[in-house]
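> what's the 3D shape of this:
(2 chains)
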Number of protein chains: 2
Amino acid sequence: MTRFRVAVEIVPRRGLLDPQGKAVSDALHTLGFSTVSDVRVGRHLVLDTDAADADAARAEVQRMCEQLLANPVTEDFHIGSAERA
Amino acid sequence: MTRFRVAVEIVPRRGLLDPQGKAVSDALHTLGFSTVSDVRVGRHLVLDTDAADADAARAEVQRMCEQLLANPVTEDFHIGSAERA
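As a prediction, this is how the structure comes out:
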């Protein structure tokens, strides 16, 4: 078993309201960043996990996303590459 | 001016406590994912902004991170590539 570090991005689905993104966008406008038109705020997770190889590590993280990390109704997730930790 | 989409990852500094990551790690263990050894939870932002070119868009997002989006004491940020939105 080797330790792998896998990054996951979890973002609200396009088309769904993202109140946190709206709040950030408004705050940026208040600070003078008038060129910003849209902000989406999601989560970025970095997981260290032991697995036989990189594909197994990513498959395990996929199961974690489906069971706990992401909300399948409102969020999409993207699993990055698995690097040796 | 062209519209660019820039992704930013904001993560707690290594070495600082990450209570949210600890909570996720504990929940994963409870669900049977015993191979997970460490979890860090950060934010993933996607910003649409108008700029003359991709470098200008990334520079503007860097200023946003420094002024509002990231906490310089506790967080590191990484700005991804700027894609035409």
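> please enumerate the helices of chain A.
A:19-30, A:54-64 (DSSP state H).
> now those as JSON lines including mean pLDDT?
Shown next, in JSON lines, are those (pLDDT from 0 to 100):
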{"stretch": "helix A:19-30", "mean pLDDT": "97"}
{"stretch": "helix A:54-64", "mean pLDDT": "97"}
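> return the most buried member of those.
Burial of the helices of chain A is given as mean neighbour count (mean count of other CB atoms under 10 Å in any protein chain shown); helix A:54-64 ranks first at a mean of 18. Any C-beta I mention is one placed from the backbone N, CA and C, and that applies to glycine too.
> does any part of that one sit near chain B?
Yes - with CB under 8 Å from any CB of the partner chain as the threshold, helix A:54-64 lies in contact with chain B, specifically through A:Glu60, A:Arg63, A:Met64.
> return the distance of the first one relative to A:Asp50.
A:Glu60 is 9 Å from A:Asp50, where distance means CB to CB, to the nearest Å.
> go on, A:His78?
The span separating A:His78 from A:Asp50 equals 22 Å under the rule CB to CB.
> who has more neighbours out of the two?
A:Asp50 (16 against 13; other CB atoms under 10 Å in any protein chain shown).
> who in chain A is up against chain B?
Contacts of chain A with chain B, taken as CB under 8 Å from any CB, map to A:1, A:3, A:7, A:9-11, A:21, A:24, A:27-28, A:31, A:33, A:35-51, A:60, A:63-64, A:67-69.
> now the buried members of the residues you listed.
Burial of these was assessed by neighbour count (16 or more other CB atoms under 10 Å in any protein chain shown); the buried members are A:7, A:9-11, A:21, A:24, A:27-28, A:33, A:35-36, A:39-51, A:60, A:64, A:69.
> tell me the residue furthest from the middle of chain A?
What lies farthest from the middle of chain A is A:Gly32; by CA atoms, centre = their mean that is 27.7 Å.
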